[in-house]
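Novice: predicted coordinates and the sequence they were generated for:
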Amino acid sequence: MATLEIKDLHVSVVTDDAPKEILKGVDLTIEAGQTHAIMGPNGSGKSTLSYAIAGHPKYEVTSGSILLDGEDVLEMSVDERARAGLFLAMQYPVEVPGVSMSNFLRTAATAVRGEAPQVRHWVKEVKGAMTELEIDPSFAERSVNEGFSGGEKKRHEILQLALLKPKIAILDETDSGLDVDALRVVSDGVNRYRASGEVGVMLITHYTRILKHITPDFVHVFAGGRIVESGGAELAARLEDEGYVKYTGKQEVTS
Ligand code: ADP
Ligand code: MG
Ligand code: MG
């Protein structure tokens, strides 16, 4: 069973001028079978945390550690992290013009599994997962994310999750831009996947809405680049009422 252990993580973003420290000492342990919600205001560093775990080159770990089952994640390349069982559904999924969804998924599955999936099984697997996520079969031949709506992109992130079967899944604002129906489809997909009890989920979100569909075991409030409070699902309900003003000192501007 997988354990992701983040200890006193400090991360700076590499910019054109001086590097800027964004994460200021994050401690978090996620075990298989657990869902941790990371909630916080915009700009608090939630995506930076997800990028640092995934190995994005713009985000430099200046101190602290990330271990997956005791292995040093920071020593691994981006590919090695994926093979080790880390998965990141990005807040802003990238478009890959000229690469079809089906080719992309097959290449990713081959890389993660270490061998090409058998064609017959694979076709069935992909069709089944697409049906469950209410994705039209025609999407298989479309370029990755090109011209996809926000909701379509997020469904495809969950399609990848279902097919790549990571040990630790980081879902960065998978709920943003979803209408009520898409939110249900995406949440059902995550719930089906976590029902195995074999995956640890880090669910990053700004809003409590998705937590009504995906009940977290733990809720962590993220502000100013660190976790400032942790609790159970009841903490999310309190945040819904009170917002983040208590942690930021700023009233949030909602649009
Ligand atoms: P959140 O996901 O919580 O909204 P982010 O991790 O995206 O927060 O951003 C945290 C802070 O780091 C913000 O002030 C943001 O402007 C800054 N930041 C993140 N990525 C970059 C980048 N590539 N270049 C410059 N600043 C960045
Ligand atoms: Mg943000
Ligand atoms: Mg973000």
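Specialist: Cool, the structure landed. Numbering: from 1, shown residues only. Ligands and ions are numbered 1, 2, ... in the order given.

Novice: which residues of the chain score low on pLDDT?
Specialist: Scanning the chain for pLDDT under 70 picks out 251-255.

Novice: quick one: the helices in it?
Specialist: Secondary structure of the chain (DSSP state H): helices at 46-54, 78-84, 101-113, 119-132, 150-164, 180-194, 233-242, 245-248.

Novice: can I get the ones you listed in JSON lines including mean neighbour count and distance to Gly70?
Specialist: Quick note: C-beta positions are derived from backbone N, CA and C, even for glycine. Below are those laid out as JSON lines (neighbours: other CB atoms under 10 Å; distance: least, CB to CB, whole Å):
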{"stretch": "helix 46-54", "mean neighbour count": "23", "distance to Gly70": "16"}
{"stretch": "helix 78-84", "mean neighbour count": "16", "distance to Gly70": "11"}
{"stretch": "helix 101-113", "mean neighbour count": "17", "distance to Gly70": "20"}
{"stretch": "helix 119-132", "mean neighbour count": "14", "distance to Gly70": "31"}
{"stretch": "helix 150-164", "mean neighbour count": "21", "distance to Gly70": "22"}
{"stretch": "helix 180-194", "mean neighbour count": "17", "distance to Gly70": "23"}
{"stretch": "helix 233-242", "mean neighbour count": "15", "distance to Gly70": "29"}
{"stretch": "helix 245-248", "mean neighbour count": "14", "distance to Gly70": "33"}
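
Novice: now for these, which one comes closest to ligand 1?
Specialist: helix 46-54 (3.3 Å; CB to the nearest ligand atom).

Novice: Ile227 contacts Thr29, correct?
Specialist: No. Using CB atoms under 8 Å, Ile227 makes no contact with Thr29, being 11.4 Å away.

Novice: cheers, nothing more for now.
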